[in-house]
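Novice: Pasted the sequence and its predicted model underneath.
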Amino acid sequence: MKDRDEVTRRNFLKTAASFAAVAALPQVAGTSDSAQAASNDAVRYGFIGTGTQGCTLLRFLATIPEGRCLATCDIYPPNVQKGVEAIGAKPDTYDDYRRLLDRKDVDAVLIATPLYLHARMTMDALDAGKHVFIEKSMFFKEAEAEQIRQAVAVHPKQVLQVGLHRRSGVLFQIAIEMVRKGALGKILLVQSRVTTNSTWRRPVADAKFERLINWRMYREYSGGLMAEMGSHFIDIANWVYEAEPVSVIGTGGIDYWKDGRETQDNVQAIFDYPDGRRHTFNSMLFNGHHANGVVIMGDQGTLELKDDRGIYFREPVAKISTGAAKENWWAGATVSKAAMQKGIPIFPEREAKDSGFVDRELGYARRWLASMGIYQPEEPYDPYWGELVNFFASIREGKPVIAPLEVGTADAMAVINANRAIDTGQKVSWPKKVA
Amino acid sequence: MRVALTRYEAFHQAMGTEFTLVTYGEDAQYLTAVGREIFEEIDRLEAQMSKYNPKSELSVINRSAARRSVCVEPKLFELLAHAVHYSQSTEGAFDATAGPLMKAWGFFRGKGRVPRNSEIAKVLRRVGYRHLHLNRVDRTIRFDVHGLELDLGAIGKGYAVDRAVDILRYYGITRALVSSGTSSLYALGAPPGARGWSIRLRNPYSMQRAADVICLRNCSLSTSGNYEKFFKVGAKTYAHILDPTSGKPVENMLAAIVLAPHACDADALSTAFYVQGVARSREYLATSRNLIALFYLPQGSGRKFRRVILRSGSTNSTGAVLARIAKRKANAAGVRTRRSGGGTFSRAISR
């Protein structure tokens, strides 16, 4: 755990310090052809699994000249076509990922396949000598944790990065800096949620593809909401607490979408961390009001984070001391705190839509954030873009991996244990750590 | 053996600003509990008096009193009577019905605009304390014009400070400072080992600099200043304190500061004096008691100001109060009026 924190902390400092440098990178290089021309030592990669998430990543990859897509792979023909369109180049296409791994000119693979395939493909890719970017959750079954660990140990020079993209988001990095610098005081609760008003069901033209396309709804392949949604915020809580949970209780069910699916349409879990710290997570598919979000609550402040905005609220904390203090107080016209009651935005410029004295107040907020060294005018890039740039930088320049094996393992284990708690109705405890 | 006193300091956001409370006592838990009581009371007052909250008693009055008499909670009625008294005695320089003017100038939404004269004239028809009728017998209020709006912004924070002091006294606290966003504060007793609470009066041109430093004990102090809420159009600056008779921002005044036994009085009068200016305030003070007023007035171009200090005709001495102005910066011309020698107010103001 210690090393991981060092890694992430260093990364943040670099991100913050090199903000100007990052911004100076060609953010959108047009087509990948021009991008490839721009960089002869680009990482040559293959992409496995060009479904919805795969194509999301491919569209970002198309703007990153540090990588060059040589091949894509999907077993579902329409996805193959979509993947080629997303990357905007002419990669070789495969329907068997092992053929892609056989190619000696491919340095790295990115994997965005159904969860049950993650571990197998990751290990095969490592064995084939490839650097690996694996979407979250990193693995499906508990035993796979050790198998992947061993595979990584055998190939220590290959990069393994897990697709927990919020780790690459400046908003979340600032949030963690605020946590580390004590802006929230003693943190005892993280509340997170992913709610959506959606069936999760994708249309299937031919019934024989039902389980292939709608794999998220079948337990043979999927960890359900906890894996697909929960894993993101389980990782945030682990990051905040710099620890793994010690136990979890949970509940959930198929209570709304009774359409033959096997994974729950609503889940709730409470993770206990050492020293009485907790993380509550809930997710549902019948109400999308809250969407994505996490609230980090300490005895000195609250941080409300959504994907594109973060608001800090100060707790009114009384200071108790002994003896007389130097009493020097100010008198003057009423100091406005109207905007402060709505919280201090992490990206003040994004929020400063008003003018006049509300603006001035946000100016003070900005100075206050800057005084702690955590001022950012706005999110400089998409976290997906950031994680992919980071992956290539780790391969090319040996930069620390932003979401490495340990992070992915802790995250995937918590998903598995939470699902076990929900399925059994029992509290699930992590094995005691040997000191 | 003498036990060292415990110091408690807390902040609380309410009424669009931040209240500060410092108390000294023997028991941290007790001080914390008293602090909680005070902030709960301030929240209750805000819920009752807020013009932004549609379910507040004040909002109910504003919606209904033009159509029918509205029965008012006893304490709020007292405060309204107090407000009317100050409106009458300052001939409308303080006026709790000026809200629609503030709206016309855009000060409610945090950004300003300059309304046309015709618009101001129209708004002025529904502004004025004379349209407000209080009936002490059945404790009701009635407006005789539609669109009248009560706004306690220029007295409510001072009133809240007074209620906080009541609670402090009730619980036997003898050393405390209560401040509502620096604009109204009350110094109860003195910190251990000091003669009073040291209060820096903000330089009207600079947030970080003090124009004067006052040592305050058992006394309240309120400030009305042009430097927190204002907007600019071209080279002209419009500050948020409006003259309720002209409907326009007051000019040629940087700040008016009033020391009084009660914060509620200091609050209302600092606004009134800011609007009235020095000459009319002097007339007012000649016939009143236990008040000290301090004005910062613009002088020439640039960031210079001059200072005028006035005292009420009769200032009772109970020996409890100490108000001493230590001159700070020499950029103020330091014009002083009716001021006793040695930089010390020899007379006391007491609650």
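Specialist: Received the coordinates, thanks.
Novice: so where is the stretch 101-250 of chain B shaky, pLDDT-wise?
Specialist: Along the stretch 101-250 of chain B, the model assigns pLDDT under 70 to residues B:108-110.
Novice: so where do the strands sit in it?
Specialist: B:132-135, B:140-143, B:175-180, B:184-188, B:197-203, B:206-216, B:219-225, B:230-233, B:236-239, B:242-243, B:248-249 (DSSP state E, counting those that start in this stretch).
Novice: Likewise for the stretch 251-400 of chain A?
Specialist: Applying DSSP E, counting those that start in this stretch to the stretch 251-400 of chain A gives strands spanning A:266-273, A:277-284, A:292-298, A:301-305, A:310-314, A:319-322, A:328-331, A:344-345.
Novice: got the ones you listed as a markdown table, with distance to A:E397 columns?
Specialist: For glycine as for every other residue, the C-beta is placed from the backbone atoms N, C-alpha and C. Shown next, in a markdown table, are those (distance: least, Cβ to Cβ, whole Å):
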| stretch | distance to A:E397 |
| --- | --- |
| strand A:266-273 | 34 |
| strand A:277-284 | 34 |
| strand A:292-298 | 31 |
| strand A:301-305 | 30 |
| strand A:310-314 | 29 |
| strand A:319-322 | 46 |
| strand A:328-331 | 51 |
| strand A:344-345 | 33 |
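Novice: what's the burial count for A:R166?
Specialist: Neighbours of A:R166 under the rule other Cβ atoms under 10 Å in any protein chain shown: 24.
Novice: Distance-wise, check it relative to B:L269.
Specialist: 55 Å (Cβ to Cβ, to the nearest Å).
Novice: for A:G250, same thing?
Specialist: 62 Å.
Novice: Could you do B:D162 as well?
Specialist: Computed as Cβ to Cβ, the B:D162 to B:L269 distance reads 14 Å.
Novice: okay, these two: which has more neighbours?
Specialist: Set B:D162 next to B:L269 and count neighbours by other Cβ under 10 Å: B:L269 wins out with 32 against 23.
Novice: Just give the closest residue to that one, not the sequence neighbours.
Specialist: Leaving aside its sequence neighbours, B:L269 sits nearest to B:V258 (Cβ to Cβ, 6 or more residues apart in numbering or on different chains; 4.6 Å).
Novice: Give the full set of residues in contact with the one you found.
Specialist: B:L221, B:S222, B:D265, B:A266, B:L269, B:S270, B:F273, B:L291, B:I292, B:A293, B:L294 (Cβ atoms under 8 Å, 6 or more residues apart in numbering or on different chains).
Novice: could you redo the last one with a cut-off of 10 Å?
Specialist: By Cβ atoms under 10 Å, 6 or more residues apart in numbering or on different chains, the contact list for B:V258 reads B:158, B:184, B:220-224, B:265-274, B:281, B:285, B:291-295, B:310.
Novice: the longest helix in chain A is where?
Specialist: Using DSSP state H, we find that the single longest helix of chain A is helix A:405-424.
Novice: circling back: weakest of the strands of the stretch 251-400 of chain A by average pLDDT?
Specialist: Between those, the lowest average pLDDT goes to strand A:344-345, which shows a mean of 78.
Novice: Just want to check the distance between B:P54 and B:A66.
Specialist: Taken as Cβ to Cβ, the span from B:P54 to B:A66 is 16 Å.
Novice: What sits closest to the most centrally placed residue in chain B if chain neighbours are left out?
Specialist: In chain B, the centroid-proximal residue (Cα atoms, centre = their mean) is B:D267; its distance is 2.0 Å. Nearest residue to B:D267 in three dimensions, chain neighbours excluded: B:G158, at 2.6 Å (Cβ to Cβ, 6+ apart).
Novice: how close does the one you found sit to chain A?
Specialist: Using Cβ to the nearest Cβ, to the nearest Å, B:G158 is found at 11 Å from chain A.
Novice: What of B:M49?
Specialist: For B:M49 relative to chain A (Cβ to the nearest Cβ), the value is 15 Å.
Novice: Quick check: bridge partners of A:G46?
Specialist: Following DSSP bridges, A:G46 is listed with bridge partners A:A71, A:V109.
Novice: OK, contacts around it?
Specialist: By Cβ under 10 Å, 6+ apart, A:G46 lies in contact with A:69-73, A:91-92, A:94, A:97, A:99-101, A:103, A:105-111, A:125, A:130.
Novice: if you set the cut-off to 7 Å instead, what comes out?
Specialist: The contact partners of A:G46, by Cβ atoms under 7 Å, 6 or more residues apart in numbering or on different chains, come to A:L70, A:A71, A:T72, A:C73, A:L100, A:R103, A:V106, A:V109.
Novice: if we can go back for a sec, tell me which of the strands of the stretch 101-250 of chain B sits nearest to A:D308.
Specialist: Taking Cβ to Cβ, strand B:230-233 is the member of the strands of the stretch 101-250 of chain B nearest to A:D308, at 29.7 Å.
Novice: What are the contacting residues of the closest one?
Specialist: So strand B:230-233 is contacted by A:G356, B:K111, B:G112, B:V114, B:T237, B:Y238, B:A239, B:H240 (Cβ under 7 Å, 6+ apart).
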